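Undergrad: Structural data only, the sequence is not supplied:
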């Protein structure tokens, strides 16, 4: 619950944010059910501690995936390892929980198993979307999955005494209709041509000038009233660029803020330009080099 | 995981264009537009809905951080914040649908992060005072007006969707009122600082002076007194808010 909650802000993809957002509340309810069951079993309510140092280490490893480019690792750790592991542990517990003495525990287990399996299935679908059939990404996810699972094995699972295998496939797959309720489709891809409208043609020429590193041509698109810093921002670019893509187009009244992704042999840079219609055509009034990565 | 996280670590897909609140407002003023969309045209309605969508995203992210950042807070506090995360995720879904309904797209207007910055207060009491009472209270005003306009223009999809979201916001303000009291019990100084933070947010988010006391037909955004009372605001607090709108500047 806590880790998913903390990761929402660190995860760029809207559909993944919403997946985490839905599951935070389910996880909180699971923890609450277990926490309220504890005093009925002569333990303190809502108090728990890790089974051993290995569990702490496994959690610490999972939490290291906090970079904005590590959504793959976050989803893999939770939905390929942790949730299937929890469901496995719950199923084994349910198999030995006495139906006469332990119905309160059994009821919690049944609910948690159903929801953890549903979460894992939803996460698997989101992961498929992130992998998009890319072999290198699949390998990256597989490597991280093994690392996290190894850390859990070293801990003996979440309870410290779980027998191998730590993750078992469910006897029956979750109902696809219930899994679908956990998912929100990602927003439609940007239709740059429509969003740009009449700015599309002048921007195309501007992009070509950027790609070949012709800063004089790029600067000629600046409006006379643009601040001197705008020209200086272009000097920070490191051309040449093989790709100059429009990744965002926002409107402020009649103006357009265009976000360009520039990729070349020396890294990638993100340029944000505000364009305004002027009597002689569209002109850049504000320029900002938003980010640069080697 | 780093806690609390830096403001600029808020992660977004590339389609989002981020700008400073002041720069967006100035760019609008330079074009003779109001700094806050006035919902008189379809474009400005989309602008408003997009702004709310982004606000709901940041509210979900902020509540998620609150779940993570305060491991020593009472368990029921974490539970309430986790519930809020889920609510906000459904609000995001609702506003994604409404944006589609109005023919817009995600990223169509710049995102500002003033709301997110407020959600990064280091004290849990300040965070619930500022976000749950200040910002969610503001949401009550804005959504109440949106429902009124949707009814007036005959858009039942917009009207009903926002009405459901408003019900949740009232619940979130109530949560904020409860936790402001409980987290600061026996610590008047912490309570004073938290309320001061909330007041500063109320002043900063008066929407360029458009939030005012009065009927929907008379003022641009009416302070939703009934919704606020339902949410647990006292008459004295509402009066204080009304006074703050009278001295607020365009942000």
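TA: Done, it's in. Source: prediction; values computed, not measured. Numbers count the residues shown, from 1 in each chain, chains lettered A, B, ... in the order given.

Undergrad: Next secondary structure element downstream of the host helix or strand of residue A:126?
TA: Using DSSP states H and E, residue A:126 sits within helix A:103-131. Remark: after helix A:103-131, the chain's next helix or strand is helix A:135-155, criterion DSSP H and E.

Undergrad: how far does whatever helix or strand comes next after that following helix sit from the chain's center?
TA: Next along the chain after helix A:135-155, taking DSSP H and E as the criterion, comes helix A:176-180. Averaging C-alpha positions (Cα atoms, centre = their mean, to the nearest Å) puts helix A:176-180 21 Å from its chain's average.

Undergrad: Also stretch A:67-75?
TA: With Cα atoms, centre = their mean as the basis, stretch A:67-75 stands 6 Å off its chain's centre.

Undergrad: Ok, stretch B:20-29 next?
TA: 19 Å.

Undergrad: try stretch A:168-177
TA: Its chain's average C-alpha position is 24 Å from that of stretch A:168-177, according to Cα atoms, centre = their mean.

Undergrad: I'd like the mean pLDDT over that stretch, please.
TA: Mean per-residue pLDDT for stretch A:168-177: 92.

Undergrad: Flag the shaky bits of chain B, pLDDT-wise.
TA: Applying pLDDT under 70 to chain B flags the ranges B:207-209, B:246-251.

Undergrad: now the helices for it?
TA: For chain B, the helices defined by DSSP state H occupy B:21-30, B:42-69, B:75-101, B:114-118, B:124-127, B:136-153, B:156-183, B:188-204, B:225-230, B:235-247.

Undergrad: Name the residues that touch the fourth one?
TA: Residues from elsewhere that reach helix B:114-118, judged by Cβ atoms under 8 Å, 6 or more residues apart in numbering or on different chains: A:9, B:7, B:10, B:21, B:55, B:58-59, B:61-62, B:130-131, B:134-135, B:201, B:204-205, B:251. All C-beta spots, glycine's among them, are computed from the backbone N, C-alpha and C.

Undergrad: rewinding a little: mean neighbour count and distance to residue A:161 added to the helices of chain B, as CSV?
TA: Converted to CSV, the helices of chain B look like this (neighbours: other Cβ atoms under 10 Å in any protein chain shown; distance: least, Cβ to Cβ, whole Å):
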stretch, mean neighbour count, distance to residue A:161
helix B:21-30, 17, 54
helix B:42-69, 25, 28
helix B:75-101, 22, 26
helix B:114-118, 20, 43
helix B:124-127, 24, 35
helix B:136-153, 21, 44
helix B:156-183, 19, 37
helix B:188-204, 17, 43
helix B:225-230, 17, 50
helix B:235-247, 14, 53
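
Undergrad: The residue lying closest to residue B:91 once chain neighbours are set aside: what's it in contact with?
TA: Of all residues not flanking residue B:91 in the chain, residue B:56 sits nearest, at 4.2 Å (Cβ to Cβ, 6 or more residues apart in numbering or on different chains). By Cβ under 8 Å, 6+ apart, the residues touching residue B:56 are B:88, B:91-92, B:95.

Undergrad: Also residue A:234?
TA: For residue A:234, the contact set (Cβ under 8 Å, 6+ apart) comprises A:215, A:218-219, A:287.

Undergrad: Narrow the residues you listed to those that are buried.
TA: The neighbour count (16 or more other Cβ atoms under 10 Å in any protein chain shown) marks A:218-219, A:287 as buried among the contacts of residue A:234.

Undergrad: Out of the residues you listed, which sit inside strands?
TA: residue A:287 (DSSP state E).

Undergrad: which one of the buried ones among the contacts of residue A:234 sits closest to residue B:71?
TA: residue A:287 (43.1 Å; Cβ to Cβ).

Undergrad: Report pLDDT for the closest one.
TA: pLDDT, residue A:287: 97.
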